[in-house]
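> here is a sequence together with a model predicted from it:
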Amino acid sequence: MTKLSVNINKIATLRNSRGGNTPNVVQTSIDIQNFGAEGITIHPRPDERHIRYQDAYDLIPTIVTEYNIEGNPIKKFMDLVLDVKPTQVTLVPDSIDAVTSNAGWDTIENQSFLQEVISEFKRNDIRTSIFIDPDKKMIENAVKTGADRIELYTEDFAVQYAKGNKDAIKPYIESAQLAHDLGLGVNAGHDLSLDNIEFFGHNIPHLAEVSIGHALISESLYLGLENVINMYLHKLQK
Ligand SMILES: CC(=O)[C@@H](O)[C@H](O)COP(=O)(O)O
Ligand SMILES: NCC(=O)COP(=O)(O)O
């Protein structure tokens, strides 16, 4: 069974847009797990535009499932993760000003750097995953970094699938199988949604976990709107 880890960055985006504490990130994390999600993902960025470093600490006592922290392993991020000790750290090669993640690691060029940071996390009993494109060479070299898992970067699949190109799943199937054969666990994420998750999940072998945020929170707004509008109308009835 593939685990669903919900990325709550967008809850923090909404909170930060007004100051204050609505919606409450900690309470949302508790509720998301009560509703059945099997993990909470956060991706703090250096500018703290959504999840703040303090949120990573505040969430610790609320997470009874799996805690996944994603980000570029700059010193500030490494110190945070080593202090919080989540279930899993997912390393993502984000540039400092990236709007969102837009590439996987080059596991050849960054091999010794990744080996170094991964061994530090593993010494601290934190499972490690690296964000990666569905590319045979990158996966073969991912093994040499010592990572426990890869996270397949699924944006290209999502874009192509939306255009009707179902063949776009092929490199992901091959990559997942290769990673498994080489002893790596397989996660996936980025732009997965209610539209594409069934097809993706049914086709990808050995898929341990998906992390989903942007679409899932957007869909929750849409699917909740009718209910909430009716609740307001009810309360306004004289
Ligand atoms: C690695 C990945 O694909 C997600 O973590 C994504 O980058 C979420 O980050 P944002 O919420 O900042 O877009
Ligand atoms: N690792 C991917 C993630 O956490 C969420 O990505 P998205 O669903 O916000 O694109």
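Arrived safely. Ligands and ions are numbered 1, 2, ... in the order given.
> residue 208 versus residue 1, what's the distance?
Separation of residue 1 from residue 208 (CB to CB, to the nearest Å) stands at 9 Å. Where C-beta positions appear, they are placed from N, C-alpha and C, glycine not excepted.
> tell me which of the two has more neighbours.
Legend: neighbour count by other CB atoms under 10 Å for residue 1 and residue 208, higher for residue 208 (17 against 7).
> dump the residue contacts of the more buried one.
Applying CB atoms under 8 Å, 6 or more residues apart in numbering to residue 208 gives the contacts 2, 3, 149, 185, 186, 187.
> enumerate the residues of this structure near ligand 1.
Those residues of the chain that sit near ligand 1, judged by CB under 6 Å from any ligand atom, are 7, 9, 43, 45, 70, 92, 100, 101, 131, 189, 190, 213.
> of all the contacts of residue 208, which comes closest to residue 170?
Taking CB to CB as the measure, residue 170 lies nearest residue 186 of the contacts of residue 208, at 15.4 Å.
> remind me which helix or strand the closest one belongs to.
strand 185-189 (DSSP states H and E).
> partners of that strand, with directions?
Counting by DSSP bridges, the strands paired with strand 185-189 are strand 149-153 (parallel), strand 207-212 (parallel).
> what about stretch 31-42, start to end distance?
End-to-end distance for stretch 31-42, by CA to CA, to the nearest Å: 16 Å.
> now it: buried residues?
32, 33, 37, 38, 39, 40, 41, 42 (16 or more other CB atoms under 10 Å).
> likewise stretch 152-164?
152, 153, 154, 155, 156, 157, 158, 161.
> spatially central residue in the protein, please.
With distances taken as CA atoms, centre = their mean, the residue of the chain nearest its centroid is residue 211 (3.9 Å).
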